[in-house]
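1. I would like to see how this sequence folds:
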Amino acid sequence: MRSYDSPIRVVSMYPDIMNTYSDRGNLLAIQYRALQLGIKIVLEEVSLGDPFPAQCDLVLIGGGQDQEQKRIATDLKIKTSQLQAWAEDDVSILAVCGGFQLFGNWYRDIQGNYLEGVKIFDMTTIAPRIKNFRAVGDIWVTSRIEDVGEVVGFENHAGQSYLGAKASSFASVRYGKGNNGIDKTEGAIYRNAIGTYLHGSVLPKNPRLLDYLLANALSHRYNEDLKPYFSSHSPFVLQAQNAAMDVTRKKSEKNDV
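-> Numbering: from 1, shown residues only. Prediction:
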């Protein structure tokens, strides 16, 4: 196995605020997988008023409800230019649910307030004032990323996200609602940044997505493609993912009856 002497630098954003459905589990999965592969990690937890570190290879932000999103909106605006610069520099990014919404152009909450986004994804999100939509339940999607493939998780959001002309979806929906319950898109992708509505936490359930994010972070650190150096997961890990997908399929088919 190749030796990685220089640690990757991970920024976990607002872990004390944006942590709906234990999205912090994504960080734990990254740390555990890095330990398996002999990769060192330097972690910076960045919350309200905290400055960013000088360098970063991987950014994680989880979900939150409207009140949590309002709490971070002003602080996030201060950090926008650096986040945009990191995205353009191919830093690996995972933004989940409420974090995903705020990494788009803007989010209109249920009271009609507009929260300006980071604009990494060409996307807008609207929370319907009439409660005629809520995406909640198990979800199974097929990623546009060949190395990732099938992804399974849990969604729970009222906001409906619509991708703009410059945006690409992260995945297409097989079972579940996805971005808006209409166009079968799920999440968004820009360079090495991924936005998704999938909780779970999503990375422990999806080892290929975990490796994709970690490999991109490592490639950013060393400025070379290091994906080929990643060993495959044990068949037991993949079997657990397959079992989760089977549960999602059976629940969806039952609900359709």
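2. C-alpha from now on. contacts and neighbour counts both.
-> Noted.
3. alpha carbons only: can I get the helix or strand where residue 152 lies in PDB?
-> Counting by DSSP states H and E, the element that carries residue 152 is strand 150-157. The C-alpha trace of strand 150-157 is given here as PDB (Å, rounded to 0.1, in the frame of the first residue of the first chain):
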ATOM      1  CA  GLU A 150     -26.000   3.200  -6.700                       C
ATOM      2  CA  VAL A 151     -26.600   5.300  -3.600                       C
ATOM      3  CA  VAL A 152     -29.100   4.700  -0.800                       C
ATOM      4  CA  GLY A 153     -30.200   6.900   2.100                       C
ATOM      5  CA  PHE A 154     -33.000   8.700   3.800                       C
ATOM      6  CA  GLU A 155     -34.600  12.000   2.800                       C
ATOM      7  CA  ASN A 156     -36.700  14.400   4.800                       C
ATOM      8  CA  HIS A 157     -37.200  17.800   3.300                       C
END
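4. can you give me how far the following helix or strand past that strand is from the chain middle?
-> Toward the C-terminus, strand 150-157 is succeeded by strand 160-163 as the next helix or strand (DSSP H and E). Counting by CA atoms, centre = their mean, to the nearest Å, strand 160-163 is centred 15 Å from the centre of its parent chain.
5. what comes into contact with strand 160-163?
-> Strand 160-163 is touched from outside by 101, 122-128, 169, 179-181, 188, with contacts defined as CA atoms under 8 Å, 6 or more residues apart in numbering.
6. sheet partners, orientation included, of it?
-> Note on strand 160-163: by DSSP bridges, its sheet partners are strand 123-126 (antiparallel).
7. ranges for the helices of the stretch 51-200 of the chain?
-> In the stretch 51-200 of the chain, the segments counted as helices under DSSP state H, counting those that start in this stretch are 66-88, 98-102.
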